[in-house]
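Engineer: let's see this in three dimensions:
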Amino acid sequence: MRFFIAVLLSAPLLLESQEIDAGDILFLKVQELEGEISALRSEMEAQAYLLDKLLIEKQSKTVESNGSKNKISASENTFRFEGINDGQSIEEVYEQAISELNDKNFIDAKKSFSYLADNFNDDEKIPLSLFWLGEISLLESNLEESENFFQLLAINHPEHWRTPLAHKKMGDILMMSDESDAAKIKYQFVVQTYPSNAASSLALQLLENME
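Structural biologist: Take a look at the predicted model:
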């Protein structure tokens, strides 16, 4: 009986102890969650900082890249402007084009001759550049383009020593295009207009073969 009474008397204490333990556990859980939330917040802030830093660095590199491109473009434009009618520049570009032509690097040679013809003014190198542009186009079987270059040479530089051969080349292009009558007229023009030139001998030989 006394044991039963003791148990009854201790029951409230046990319940109170259990309530206290449950409260402590809940408090600890809340603290644990707060700690996890704080850690997550710190991690998010760190990630945001890194992201902002990466974006700033990327923008900086983009600005630097654009600045470099603008500097390069400005340099090219300056060179082209200062290069007009500059004898040294003309000689350098022409020698480079001839070197590329001798190496059978026709693509780069064509670019160099075109650059020279488009950006400079010289009574000797420009007609020669047009002539070689016509020859390269002829090698590429681009007959129309080749004829255009030879015509530019003949029209713009009629007194140049390569002009008679340019006319003869136009006759060759007409022959390749199956326009033999027009080719014959062109060859006759070369023979009559430039009788002392080597191009005249070549044209005369072709006329004799056409008979």
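Engineer: what helix or strand does the residue nearest to Q151 when sequence neighbours are not counted sit in?
Structural biologist: Leaving out its chain neighbours, the residue that sits closest to Q151 by Cβ to Cβ, 6 or more residues apart in numbering is M170, at 6.9 Å. From N, CA and C alone the C-beta is placed, and that goes for glycine too. Element membership for M170 (DSSP states H and E) is helix 163-176.
Engineer: which is the succeeding secondary structure element to that helix?
Structural biologist: Taking DSSP H and E, what comes next after helix 163-176 is helix 180-193.
Engineer: please work out which residues outside that following helix touch it.
Structural biologist: 164, 167-168, 170-172, 174-175, 197, 199-200, 203-204, 206-207, 210 (Cβ atoms under 8 Å, 6 or more residues apart in numbering).
Engineer: neighbour-wise, which one of the residues you listed leads?
Structural biologist: Comparing the contacts of helix 180-193 by number of neighbours (other Cβ atoms under 10 Å), A203 comes first, having 28 neighbours.
Engineer: does it touch K168 like I think?
Structural biologist: Yes: applying Cβ atoms under 8 Å, one finds A203 in contact with K168, separated by 5.1 Å.
Engineer: show me the domain layout of the protein.
Structural biologist: 1-83, 86-210 (automatic domain parsing).
Engineer: K111 and M176, how far apart?
Structural biologist: 25 Å (Cβ to Cβ, to the nearest Å).
Engineer: in stretch 114-126, what's buried?
Structural biologist: Residues 114-117, 119-120, 122, 125-126 are the ones in stretch 114-126 that count as buried (16 or more other Cβ atoms under 10 Å).
Engineer: widest-spaced pair of those?
Structural biologist: S114 and D122 (14.5 Å; Cβ to Cβ).
Engineer: just say helix, strand or coil for D122.
Structural biologist: Of the three states, D122 takes coil under DSSP: H, G, I helix; E, B strand; the rest coil.
Engineer: remind me which helix or strand the nearest residue to I126 once chain neighbours are set aside belongs to.
Structural biologist: Nearest residue to I126 in three dimensions, chain neighbours excluded: A117, at 5.7 Å (Cβ to Cβ, 6+ apart). In the assignment (DSSP H and E), A117 maps to helix 106-119.
Engineer: convert that helix to CSV, retaining C-alpha atoms only.
Structural biologist: Only the C-alpha atoms of helix 106-119 are listed here, as CSV (Å, rounded to 0.1, in the frame of the first residue of the first chain):
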residue,chain,number,x,y,z
PHE,A,106,48.1,32.3,-104.8
ILE,A,107,45.4,33.1,-102.2
ASP,A,108,47.7,35.3,-100.1
ALA,A,109,49.4,36.8,-103.2
LYS,A,110,46.0,37.8,-104.5
LYS,A,111,45.1,39.4,-101.2
SER,A,112,48.4,41.3,-101.2
PHE,A,113,48.1,42.5,-104.8
SER,A,114,44.4,43.5,-104.2
TYR,A,115,45.4,45.4,-101.1
LEU,A,116,48.1,47.3,-103.0
ALA,A,117,45.8,48.1,-105.9
ASP,A,118,43.0,49.3,-103.6
ASN,A,119,45.0,51.4,-101.2
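Engineer: what's next to whichever helix or strand comes after that helix, contact-wise?
Structural biologist: Going down the chain from helix 106-119, the next helix or strand is helix 125-139, by DSSP H and E. In this structure, residues lying in contact with helix 125-139 by Cβ under 8 Å, 6+ apart are 90-91, 94, 97, 101, 106, 109-110, 113-114, 116-117, 120, 143, 145-147, 149-150, 152-153, 156-157, 160, 162-163, 165-166, 169, 172-173.
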